[in-house]
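Student: structure of the sequence below:
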Amino acid sequence: MTIKQLRIKELNNVHNLEFNFNDSINVFIGNNGTGKSTILNALLTSVIEKDSSANPVIYYYKVNNCFDFSLSSIDILNKVFKNLSNIYSNLRIEEPPESYKYNKTIESYLAIDKYNKTVKFEQLSDGEKNIIMLINTIMVRLSLSNEENPLNEKSIVLIDDIELHLHLAWQRLIIPILLNTFPNCQFFITTHSPHIVNNIKPKNIFILKQDQNGSLSYIQPKESYGMSVDRVVELIMNDQTRPANISNDFEELFELIERKRLKEAELLINKLKKDLPTDPDILMAEMLIYKQRKEEKDDYANNKKRMDEI
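Tutor: Here you go, the predicted structure:
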């Protein structure tokens, strides 16, 4: 089962909105309070109302400390790890040493090799646990329908704030990991992360917006996949990539250069360099100033030559 279309009428701040979805992944972005979670809840409700016997709908929200691993899921996870990276391997249940077996206070525990060194699963960071638990949760739910090969099973997966606790490197990887690991699932995801957005094609992105009356609508970007993070933030997420005061300084800097007020521009560059000594935009500004001074010098030399000839 996949969701092709969703129409919402009079739900919270949604008065009349229609979505046409992609079969693989659909990503909702927008400011806090625009209605991303409302749409996920509407999706969940619509699927349950339409067919309660459908393949499992998986709503994964955030990491928790409930490590629900079976031996079969551990085996499959270890196969998944081989395709992810060379960081993690050999997830397993460790039994206490023979000499401690009669000590009831020492129990078996979940262990994993990280960079070939054994650590307890609970010692991993929240971000690391979140990725592993996310894959495990989806896999366990899929095994309800296909115990022998859950990774090939179909399902609808809803994930709110997928970047929660994830380092930037993992934010870039999480979408390819999910799509490669669960190729037959349809994902509905909310995010605030430009590192996730630039891994998604424009047709799979829904930018949620509210008008002055709080009514919800959406647009889809013309481009997204492969864009730089700065461009995603500015063009898709409609935000600034720098603190407001620094952005204003750079805007003023290039305006001064355009007006040929070069001494003032150089003073502003010296101010910016205190915090940003190697910033590429400062280098660009310096090159523009150099070019303008060279043009002024060449113009002066040419004019002087013509005067001398007269």
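
Student: helices along the stretch 101-250 of the chain, start to end?
Tutor: With DSSP state H, counting those that start in this stretch as the criterion, the stretch 101-250 of the chain has helices at 126-143, 168-181, 194-197, 229-231, 244-258.

Student: so can I have TSV of the ones you listed showing mean neighbour count and mean pLDDT?
Tutor: Every C-beta, even on glycine, is put in place using the N, C-alpha and C of the backbone. Compiled in TSV, these are given as follows (neighbours: other Cβ atoms under 10 Å; pLDDT from 0 to 100):
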stretch	mean neighbour count	mean pLDDT
helix 126-143	21	83
helix 168-181	17	87
helix 194-197	23	94
helix 229-231	15	91
helix 244-258	14	94
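
Student: need these in JSON lines with distance to Val27, can you?
Tutor: Output for the helices of the stretch 101-250 of the chain, formatted as JSON lines (distance: least, Cβ to Cβ, whole Å):
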{"stretch": "helix 126-143", "distance to Val27": "16"}
{"stretch": "helix 168-181", "distance to Val27": "8"}
{"stretch": "helix 194-197", "distance to Val27": "7"}
{"stretch": "helix 229-231", "distance to Val27": "16"}
{"stretch": "helix 244-258", "distance to Val27": "26"}
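
Student: quick one, which of these is nearest to Phe19?
Tutor: helix 194-197 (17.5 Å; Cβ to Cβ).

Student: now for Asn86, how many residues are close by?
Tutor: 9 (other Cβ atoms under 10 Å).

Student: pLDDT wise, what is it at?
Tutor: The pLDDT attached to Asn86 in the predicted structure is 73.

Student: likewise for Val119?
Tutor: 89.

Student: what is the neighbour count of it?
Tutor: 14.

Student: does Gln292 touch Arg261 like I think?
Tutor: No: with contacts counted by Cβ atoms under 8 Å, Gln292 stays clear of Arg261, the gap being 10.4 Å.

Student: how's this structure carved up into domains?
Tutor: 5-65+126-236, 71-123, 244-309 (automatic domain parsing).

Student: distance check, the residue nearest the centre of the chain against Leu6.
Tutor: By Cα atoms, centre = their mean, the chain has its centre lying nearest to Ile196, at 2.6 Å. Computed as Cβ to Cβ, to the nearest Å, the Ile196 to Leu6 distance reads 21 Å.

Student: quick one, strands of the stretch 151-300 of the chain?
Tutor: Taking DSSP state E, counting those that start in this stretch, the strands of the stretch 151-300 of the chain run over residues 155-159, 185-190, 205-210, 216-219.

Student: relative to Arg242, which of those is closest?
Tutor: Arg242 sits nearest to strand 205-210 of all the strands of the stretch 151-300 of the chain, at 21.6 Å, using Cβ to Cβ.

Student: TSV for the strands of the stretch 151-300 of the chain, including mean neighbour count and distance to Tyr115?
Tutor: Converted to TSV, the strands of the stretch 151-300 of the chain look like this (neighbours: other Cβ atoms under 10 Å; distance: least, Cβ to Cβ, whole Å):
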stretch	mean neighbour count	distance to Tyr115
strand 155-159	22	28
strand 185-190	23	29
strand 205-210	19	35
strand 216-219	16	43
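
Student: in terms of pLDDT, where does Asn20 sit?
Tutor: Looking at Asn20, its pLDDT is 91.
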